[in-house]
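Visitor: Below is the sequence, then the predicted model.
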Amino acid sequence: MVDANTRGVLELLKRSGNDTCADCGAKGPEWASYNIGIFLCTRCAGIHRGMGTHISKIKHIRLDRWEDSQVQRMREIGNLVAKAKYEKRVPPCYRIPTDGDHDSLLEEWICAKYLREEFSRPERQAFMTGHMEGFLMKRGKEDPKYYPRKFMLSEVDDTLKYYVDEKKDPKAVMKVSEINVSFSPVKMEKKNSFQISYLKDGTTRHIYVYHDDPQTIVNWYNAIRCTKLHRLQIAFPTASQAELVNLLTKDFAHEGWLWKTGPRPTDAYKKRWFTLDRRKLMYHEEPLSAHPKGEIFLGNMMDGYSIRVGVPTGVRDQGFSFTLRTPSRWYYLSAENSFDRDVWISVVTAVLEQPVSPQDNTSI
Ligand SMILES: [Zn+2]
């Protein structure tokens, strides 16, 4: 039995902006925060509940009882009005999570919006100062243990450094404008983590870090993005903001095990961990290796790059095989099953279809 007030709230769902979750954009919200005045999906409603009722009061749209004043508040506010208030000053470099994104990105987005009100009070945005320093847990290069390491980010110098011993020189100095950061890749098995990839002496080096506190890791992540944007704006003054934002950081398009054989027919297939990072396909001995064993640049299909099912006659076929052709070499690969193979072919094809942009050479 649906009473008049519930009907009133259901009617409000039809208004523009109210048909998707106010925080992640998922379709068909089933919950509402009746003090903030917004409609939410189940996942975001759970995060709101976690902030406490002094911040957000949650009700189910259909299953809970609505009082007149609560319906009135929902009518007065709604998702669009709330967005104008709570997202007024979201910087373009901030990664706004969407439906299905990482837990910590979504939780921090919601806490930053309503609990800390960072986007209506920009002086609270720790990630926008162009400088950050503190300890992150970093995985050892050769061993799987994580150690506390001091990290330092400087927009003025375009550097991200880390120290094993603060009194000595930094262990690594990375150019922020050239690094990529992949947020919380599944293989790390840590919720508040990221992988930094940078070029060292012409080859890629990976660094794996995490922090117990999600706010710390998300602030670091967005601080790196904001520093990158400001540096890219200097390097490419005529590029549009949207183009540059697209270059900030990219989670890996795909990762997983494949078998790869060498160029000679007698070469054996070896199991390798493949990572597709924008236009770069890397293969590693282990998922958390510090260096790839090889890196393949993926250009445009008009320039001699292609990928197709199977291997040429004369090449050993291990099953679920496919061939990646580049102008300099053909790579013979084998997946674990046909589903995996099809996913790899589709994600690589999507890259080969993209035109190569001038910024592709300067960003990993
Ligand atoms: Zn949501």
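Guide: Yep, that arrived.
Visitor: what residue ranges in the stretch 251-364 of the chain score low on pLDDT?
Guide: In the prediction, the stretch 251-364 of the chain carries residues with pLDDT under 70 at positions 359-364.
Visitor: the strands in the stretch 251-364 of the chain, which residues?
Guide: For the stretch 251-364 of the chain, the strands defined by DSSP state E, counting those that start in this stretch occupy 254-261, 270-277, 280-284, 294-297, 306-309, 321-325, 330-334.
Visitor: and the ones you listed as TSV, adding distance to residue 191 and mean neighbour count?
Guide: For the C-beta atoms, the positions are set from N, CA and C on the backbone; glycine is no exception. Conversion of the strands of the stretch 251-364 of the chain to TSV gives the following (distance: least, Cβ to Cβ, whole Å; neighbours: other Cβ atoms under 10 Å):
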stretch	distance to residue 191	mean neighbour count
strand 254-261	17	18
strand 270-277	20	20
strand 280-284	23	21
strand 294-297	29	16
strand 306-309	33	14
strand 321-325	33	18
strand 330-334	31	20
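Visitor: could the ones you listed go into CSV alongside distance to the ion?
Guide: Listed next are these as CSV, based on distance: least, Cβ to the ion, whole Å:
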stretch, distance to the ion
strand 254-261, 25
strand 270-277, 28
strand 280-284, 33
strand 294-297, 37
strand 306-309, 36
strand 321-325, 37
strand 330-334, 38
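Visitor: how about those in TSV, adding distance to residue 54?
Guide: Conversion of these to TSV gives the following (distance: least, Cβ to Cβ, whole Å):
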stretch	distance to residue 54
strand 254-261	41
strand 270-277	43
strand 280-284	47
strand 294-297	51
strand 306-309	54
strand 321-325	56
strand 330-334	55
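Visitor: between those, which gets nearest to residue 194?
Guide: Closest approach to residue 194 among those is made by strand 270-277 (13.1 Å; Cβ to Cβ).
Visitor: Can you pull the residues of the chain lying near the ion?
Guide: When proximity is defined as Cβ under 5 Å from the ion, the chain approaches the ion at 21, 23, 24, 26, 41, 44.
Visitor: Go ahead and confirm the third one touches residue 106.
Guide: Just to be clear, that refers to residue 24. Yes. Residue 24 sits in contact with residue 106 when judged by Cβ atoms under 8 Å, with a separation of 6.1 Å.
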